[in-house]
Every structure is written in structure tokens, then in C-alpha cells.
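*Asks:* got a predicted structure here, sequence first:
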Amino acid sequence: MSLVPTTRRASILTILAAGVIYLFAGGFYVKRGLINADEGLYAYVSYAVMHGKVPYRDFGYAQMPVLPYLQGAIMSFTGFGVRQQRWINVCLSALSVALGVALWGTLKPHPVACWALILTWCLCKPMVYYDTIGKTYALTGFLLLAAGGCLYLKLSPHLKLFLLSLFGVLAIGCRLTVAPAVLILWLGLVVLHRKQISWPLLLCVPLLAALAILGPFFAADPPNAIFWNLTFHLVSPTPTRHGAVLLESFAMSPAIAVLVAIGVYALAFGKETVSKPGTWLFLAGLASWLISVGLSGIFAEYATSCLPLVVTGGGSLLYAGLRTRTKLTAACFILISATILGLFYGESFIKTGYLEAVDRAAAYLRANTKPTDAILTSMPEIPLEAGRPIFPGFEIGKFALTAEMDDETAQRRRMITFNQLLRAVDRQSAPVIVLTRFHSANFAWSLPSVTNIVPDIYLKFSTLLLRRYDCVGANEYFLVFKIHDPKYHAPKIDARKL
């Protein structure tokens, strides 16, 4: 059966409808999405770079440097905060869905198959949740798909090379682990257009793009740039659950796992697959998924940035490889069934109240501190929302703390030692300290090894905090402490639970 062509108007309406459906799906998690320890970090560093600070040179940052600038530029119009960050990510992911559907439209897909894939994308709980919260995934995934989408377009090969290099380097500049995906997309361009583009251009254009975009940040402070992008991650303990975490990443998204199986089937039994752009998107996404999740063995969520490539490429292979009515119908039925299963399977990722708790804590700070008061906190989103400066060295909150470096080394790395934290509390150097009620998200572990602070040693911090400061504000997520006032009767708090 030949695939049923769609009119141009119907294609545009489908693209718009897909984007709107995703906006509703992602919008559900903006307010209700489970809190994530990284959200305040990315929101605050976006604010910092828009106010003249440079990653690595002025503050520690364990990612490539591009995301704070792209996100910060958008936040300059929307305002800086975790709520704005979540909506930005939802809009970026909606654009990814719209772009994916537009790329499928170049293949004139069967409407039923197209809508099965749209629902697979928009109703995948883990993918939508992780693309909503304040992480690198949504922007990286969009840039990867923009890079891969160049392979579909009817443009000159040289323009394709330029655009793929630009978007690919920007994607790597947001998250280094997607480099394998960019490399495979580049190989796809080589295979498709080797006769039209010379090798010097194929090699030099991506290299020059990387030097122009990433070079200045590494030149600003080479030792720190190398430390935060390489040494920092190599020092972290290597888990032994590589296979288990990889299987978990497939199990948490049943419909996408089915699409991977369909893509592999289409590659094995299809014809002239290397000449199809969808092949390269699928291979790029799948390879990056296997490497970033399987090689690290840390979190299944690391697959998230690769999934737009997998879904778009897998959908293209489904259209191209399953041309009979029986195969197409069976594939769509299995996809929809797996999508429905995914809605009732696994974690819900829902916990309400986080954004409202941020608002209440920030409102208290605005009402009870001066605009120049620097806030010492493990959660940078609170001073950011309150319009207050953060205590020097804690631009990335808890991720700046180390118990394995001396003061001099930590200063070079733009980090704070545990002893320096104790001294700041003991000397009441900050007028206000804000912690989260989640113990593990406070100053309970040391970077870069990501090892827990010994409980007896950590107890020194919490005991000293309760001696020098009073708990003057609390909600279900945050605790606010002000310098001790003998006249104030602070509520009793168990130091071991801070």
C-alpha cells in the first residue's frame, strides 16, 4: 500500500495540533512536576551569565557552557526563575514535536501512523517530565533535532553542512554526552553529500564552529574548564549497574522501546536505508542513548536528550519500512498499546506545591531582608526569585560544596569547602540561610566524588546552624533561618534531619 499523501493545509494543521497537544501535556508538569535538585542551578547560572559572569572563570559549572546563555537570553524577556524555566522547556519541546511532525511530512505519511507517533511522543510520561523540569534535556534535544533535520531539507549541501555544524556544536555546548549523536549525524551528511562537499570543508566547518562557539569559554580559564567538563566527571564514582540502568531506561518508556524495535526491524529488512535521513537520526539517537546511559550507568533519564532523534528517525523508518497495510496497522496498534501501558506504568513524576513553596519563601525574603543581603543556600532558586544576591561561591548551591579539597584548591575551582561553610555559619556571615526539607538536597554530600558527608561530621553543620540561627520560616519544601535573636523563640528542629 502506498502511503496516503496529505494536503499542505492538512500538514500544517497537524503540525500545529501536535505542538498544542504537547503544550498541554508539558504544561501539566509545569505546576505538578516533581521537584528536581538541579532546577535552581540552571536558573541561577542563566541569570549569572546575563549579568556578566563567565562559567569556569567566575563560578563552577559541571556542564558545557552554552545552555545558560541561550536560556538566559530568553529569560531576559520572560524573567528569571524556575517557573519560567519550566515553561521555556515546554515550549522548546513543543517545537521539537512540531519539527518532528514536519520532517515526517516530507515522507507523506499515513495520517493514522502520524497520529500514533504524535501520541507516543506527547504521552510519554518520563520524556515529557524530564523535558519540562529545569535540566539541559529540552534545549539539547531541540538542537539535536534541528541538526538532524537538516538532512531532510532540500537545501544546498554546503548550507546543510553549515547548519548541521552550528546546531550540532550548540547541542554539544549544552550537554557533552550527545557528541556521539552529532558525530553520527555528520557521518550521515558525509554519506548523503560526499560527492558535493570536499573533505577540507567537511572537516573544517564543524571544527571552526566548535572553536568559535566553545573556544572562548575554555580560553577564559583552561584549567577550570577542563576540570568541570572532564576531571569532575572522571572523579565521580563509577557505578556497576550499567546494564540494569540501561534496561531501566528502555522499560520506563515502553512505547519508545517498541519504536526502537520497529526501527531496528526496518533497518534490518528495509532497502537503501543509508540513503534515508531517518536512518541517521535513528542511529544517532540510539547510539547516544546507549552510550550516555549504558556507559555512565548512573541515571536512566540521561536518555532524554536523545529521544527526539529516536522518535523522529524511528517514525521515518516506520513510514519507509512498513509499507503494507498489515504491517503498518500492526505497528500502530502496538505503539498505541505501549503508549497506554506507559501512562499507567512506573513513576508518576507528580508532586504538587513546589513552585508555590518557592513563591512563599521568596516573598518572605523580600519582606524581611534588604536587597543587598546575600543569601546562603543550597537552593539557588530562592534568592533568584526573591531578587537577592547569593552568598559568594554558592552560585550553583549545593553543587559548589567539597570536603575533599583544601581551601586554596577549592578557591581555584570556584568551590566552597565544608570547613568554609562551617566558618560562615559560625561567624554568621550570611544574614539569612535557606535550606530544603529534603536532606539529600542540602549540604549533605561532597563534590566532585559525590560521596555523602560523614553523618557525624555533617551533624556539626546542622548543630552549629541551630545554635547561630533561628528557624523563622518554613513550608513543606523550604526552611528559612535568620541570625539568632535571644528574644525569638524558634521552633525546635532535630539537627539530624536538616
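*Replies:* Perfect, I can see it now.

*Asks:* which stretches of the stretch 351-498 of the chain form strands?
*Replies:* For the stretch 351-498 of the chain, the strands defined by DSSP state E, counting those that start in this stretch cover 375-377, 401-402, 416-417, 432-436, 445-446, 451-452, 469-474, 478-483.

*Asks:* which of those comes out lowest on mean pLDDT?
*Replies:* Lowest mean pLDDT of the strands of the stretch 351-498 of the chain: strand 451-452, a mean of 84.

*Asks:* that one pairs with which strands?
*Replies:* strand 445-446 (antiparallel) (DSSP bridges).

*Asks:* winner for burial among the strands of the stretch 351-498 of the chain?
*Replies:* strand 375-377 (a mean of 27; mean count of other Cβ atoms under 10 Å). Backbone N, C-alpha and C define where each C-beta goes, glycine included.

*Asks:* which pLDDT value does the model give residue 490?
*Replies:* 67.

*Asks:* output the strands of the stretch 351-498 of the chain as JSON lines; include the columns distance to residue 25.
*Replies:* Shown next, in JSON lines, are those (distance: least, Cβ to Cβ, whole Å):
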{"stretch": "strand 375-377", "distance to residue 25": "32"}
{"stretch": "strand 401-402", "distance to residue 25": "36"}
{"stretch": "strand 416-417", "distance to residue 25": "39"}
{"stretch": "strand 432-436", "distance to residue 25": "28"}
{"stretch": "strand 445-446", "distance to residue 25": "33"}
{"stretch": "strand 451-452", "distance to residue 25": "36"}
{"stretch": "strand 469-474", "distance to residue 25": "33"}
{"stretch": "strand 478-483", "distance to residue 25": "28"}
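
*Asks:* by average pLDDT, which secondary structure element in the protein comes out worst?
*Replies:* helix 232-235 (a mean of 82; mean pLDDT, DSSP states H and E).

*Asks:* low-confidence ranges in the chain?
*Replies:* 1-7, 9-10, 236-240, 271-272, 321-323, 490, 494-498 (pLDDT under 70).

*Asks:* now do the contacts for the residue lying closest to residue 480 once chain neighbours are set aside.
*Replies:* In space, and not counting its chain neighbours, residue 480 is closest to residue 473: 3.5 Å by Cβ to Cβ, 6 or more residues apart in numbering. Counting by Cβ atoms under 8 Å, 6 or more residues apart in numbering, residue 473 touches 361, 364, 479-480.

*Asks:* any chance of those in CSV, with distance to residue 175 too?
*Replies:* CSV is the format used below for those (distance: Cβ to Cβ, whole Å):
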residue, distance to residue 175
361, 29
364, 35
479, 32
480, 33
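
*Asks:* farthest pair in these?
*Replies:* Within the contacts of residue 473, 364 and 479 form the most distant pair, 11.0 Å apart (Cβ to Cβ).

*Asks:* shouldn't residue 136 be in contact with residue 305?
*Replies:* Yes - using Cβ atoms under 8 Å, residue 136 makes contact with residue 305 at a distance of 7.0 Å.

*Asks:* quick one: the residue nearest to residue 393 when sequence neighbours are not counted from residue 58, how far?
*Replies:* Sequence neighbours aside, residue 416 is the residue nearest to residue 393 in space, at 4.5 Å (criterion: Cβ to Cβ, 6+ apart). Going from residue 416 to residue 58 by Cβ to Cβ, to the nearest Å gives 14 Å.

*Asks:* now do residue 110: how many residues are near it, please.
*Replies:* 23 (other Cβ atoms under 10 Å).

*Asks:* could you check how far it is from residue 327?
*Replies:* 11 Å.

*Asks:* next: residue 219.
*Replies:* Distance from residue 219 to residue 327, by Cβ to Cβ: 54 Å.

*Asks:* mind listing residues that contact the least confident helix or strand of the chain?
*Replies:* 62, 447-449.

*Asks:* please apply the same query to stretch 191-199.
*Replies:* By Cβ under 8 Å, 6+ apart, stretch 191-199 touches 151, 157-158, 160-161, 189-190, 202, 274-275, 277, 280.

*Asks:* and the helices in the stretch 1-150 of the chain, which stretches?
*Replies:* Along the stretch 1-150 of the chain, counting by DSSP state H, counting those that start in this stretch, helices occupy 8-32, 39-50, 66-78, 82-105, 111-122, 125-132, 137-149.

*Asks:* switch those helices over to CSV; also include mean neighbour count and distance to residue 289.
*Replies:* Shown next, in CSV, are the helices of the stretch 1-150 of the chain (neighbours: other Cβ atoms under 10 Å; distance: least, Cβ to Cβ, whole Å):
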stretch, mean neighbour count, distance to residue 289
helix 8-32, 17, 21
helix 39-50, 24, 22
helix 66-78, 18, 20
helix 82-105, 23, 16
helix 111-122, 22, 15
helix 125-132, 26, 12
helix 137-149, 28, 11
